[in-house]
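Colleague: Task: produce atomic coordinates for the following.
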Amino acid sequence: MGQVLETSGASRTQGEIALIHAAERLFAEHGIAGVSLRSINQAANHKNISAAHYHFGSREGLIEAVLEYRVIDLDNRRKEWLARSEAGQGLPFYVEALVSTLAEELKPRPEGNHYLQFVQQYERYKGAQVHARTMSPAGLEIYQRIEECISYLPKPVRRLRLRYLVNIVHGVLATAEREIGNGALDADDVELIAADLTSMVTAAISAPLSTTTLGLLAYQR
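Modeller: Presented below is the predicted three-dimensional model:
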């Protein structure tokens, strides 16, 4: 089975970690539906063509393992951020909590950085990210706090803006991850990207409603 390693709060063998790293990269680069278990086994240098199935039970089991592999540490960072929360913390604080903890995924890793691109592909594959959120209780709390901060907006608009929030944050950081990987962006720029993304998203999801939006909301009643 190989040496057992402690990673992201769970025990994984070296063989399993090799499969997770290979799957994360290939799913990120080619989309989840476009990658076979055979190609993942080959990329992980497994001679056994059934290694992924043996270790994770199924294709879906491997997909879940890739997601969970990073989420545990991510959720712990979010918990630490929320522990600094005090009464009266506003929207910028919680948006920064979301952006900054995700941006830490851009720190260089020996196996390369592909997680944010994988998450983007996972959302397309599943058509939503509800399940991914349930794996990060602290992340779910951050989303709830953000929604509370814009509770003055009509519910349909709040739900749309929370969806925009996810799309924008994941999209910008996944693009940064890809550009760092191909040398088009310097890793030193991540701090500025995260800070500006926080400001931009905070302004966007708290923007006043236009007369057109108000008219459409009135029409829907």
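
Colleague: chain center to stretch 116-129, what's the gap?
Modeller: 8 Å (CA atoms, centre = their mean, to the nearest Å).

Colleague: Please identify the buried residues of the helix ranked longest in the chain?
Modeller: Longest helix of the chain, by residue count under DSSP state H: helix 155-181. Under the neighbour-count criterion of 16 or more other CB atoms under 10 Å, helix 155-181 has 157-158, 161-162, 165-166, 168-170, 172-178, 180-181 buried. Heads up, the C-betas are built off the backbone N, CA and C, glycines and all.

Colleague: Sketch out the strands for this protein, chain order is fine.
Modeller: 4-7, 10-13 (DSSP state E).

Colleague: ok, of these, where does mean pLDDT dip lowest?
Modeller: Ranked by mean pLDDT, the strands of the chain end with strand 4-7 at the bottom, a mean of 40.

Colleague: got a list of contacts for stretch 142-156?
Modeller: Stretch 142-156 has contacts (CB atoms under 8 Å, 6 or more residues apart in numbering) with 78, 81-82, 85, 89-91, 94-95, 97-98, 133, 158, 161-162, 165, 205-206, 209, 217, 220.

Colleague: Of all the residues in that stretch, which ones are buried?
Modeller: Quick answer for stretch 142-156 (16+ other CB under 10 Å): 142-143, 145-147, 149-150, 153.

Colleague: what's the closest of these to Asp188?
Modeller: Ile142 (26.3 Å; CB to CB).

Colleague: Need the pLDDT of the closest one.
Modeller: Predicted confidence (pLDDT) for Ile142: 94.
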